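> Structure for the following, please:
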Amino acid sequence: MEMDLLSALVFLSVAEYTSGLVELQFLGRAPLLMQRYTRTTLPTLYQCLDLCVTYKLCKSFYYTNNNAIRRCVLNADDFRQISTWGANYGYTSMEKAHIPKRYGGMCSGHSCAINEMCMQSNTTYVCIEHDYSTVKCPEEWARFEDMCYTLTTDQLTFEEAKEYCANTGAELVTFDSWKEFTQNKGWIHFRLARTLGKLPSGNLWTGLTYSLPMPHWLPFNHPDTNESDLCVLMTYTSRGTSGSLRIGPLEARSCNEQNGVVCQHKAPEHWP
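Okay, the predicted model is just below:
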């Protein structure tokens, strides 16, 4: 979610260079797998430090200063490693717990709720409700708005796939709109590439019901069969040497086929 936060940063002051931080190789965890909830352009790293302090929801951040791009990204989960001071590499990543106490001004140690932002007001602070999602997805799950998603390439029948999702407190994925479908295509592509290391072809079970007519916005190949026991899956196809996948279309196949699985969590936990 993009947001112009400069008006909210008028109270922030530029701090002096901080010493004593450890420089390590940048964590190789992809941003898509982190529960990132906001990014904004800020002139200095120190304003990014202050901004993370103002949100209880912020557990870590990374700041990029590369080729005149100065971007602050706040995450709702931590890096699970020592904070990094990568000034020589054009970025900095840090867990909130390692931010020096002198940052954040009056908001340092504030008691605002998880759905609030702290803002300084004269010699005290006020808590203002924000509109960011406070959903807490399980580790390595993707998040889109208030939903959590995961997938496995283990080969399961449709009934086994439903049981697999249920065992994680989730259900087979469904798509209620074109926007939701296209958003899911993006992380499914990313996760398949990351999980498989290469990009073969295959299928993933969904929780959609095959009944005519199917939604007009959903790319769908209808079966050449009158079989009644059909379940809906999402195909993915390697584009050869291009290093990419074609996600979709969807198809109706025998529920006894064995395919991968995509799960969604409609009632996930929230950050405390």
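
> Spell out which residues make up each domain of this protein.
6-129, 135-270 (automatic domain parsing).

> Can I get those in CSV including mean pLDDT?
Listed next are the domains of the chain as CSV, based on pLDDT from 0 to 100:
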stretch, mean pLDDT
domain 6-129, 69
domain 135-270, 85
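
> Could I get those in TSV, plus columns for mean neighbour count?
The C-beta positions use only the backbone N, C-alpha and C, and glycine is treated the same way. Conversion of these to TSV gives the following (neighbours: other CB atoms under 10 Å):
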stretch	mean neighbour count
domain 6-129	17
domain 135-270	16
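
> which residue ranges form the helices in the stretch 151-272 of the chain?
Per DSSP state H, counting those that start in this stretch, the stretch 151-272 of the chain carries helices over the ranges 158-167, 178-196.

> Just put those helices in a markdown table and tack on distance to E227.
Putting the helices of the stretch 151-272 of the chain into a markdown table (distance: least, CB to CB, whole Å) gives the following:
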| stretch | distance to E227 |
| --- | --- |
| helix 158-167 | 13 |
| helix 178-196 | 25 |
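
> partners of the residue lying closest to Y164 once chain neighbours are set aside in the sheet?
Nearest non-adjacent residue to Y164, counting by CB to CB, 6 or more residues apart in numbering: V261, 5.5 Å away. V261 has these beta-bridge partners by DSSP bridges: T152, W205.

> Touching, V261 and L172? I think so.
Yes. If you go by CB atoms under 8 Å, V261 and L172 touch, sitting 7.1 Å apart.

> Can you pull the residues that touch both of these two?
When contacts are counted by CB atoms under 8 Å, 6 or more residues apart in numbering, the set common to V261 and L172 consists of A161, C165, W205.

> Quick check: of the residues you listed, which lies closest to M147?
Nearest to M147 among the shared contacts of V261 and L172 is C165, at 13.1 Å by CB to CB.
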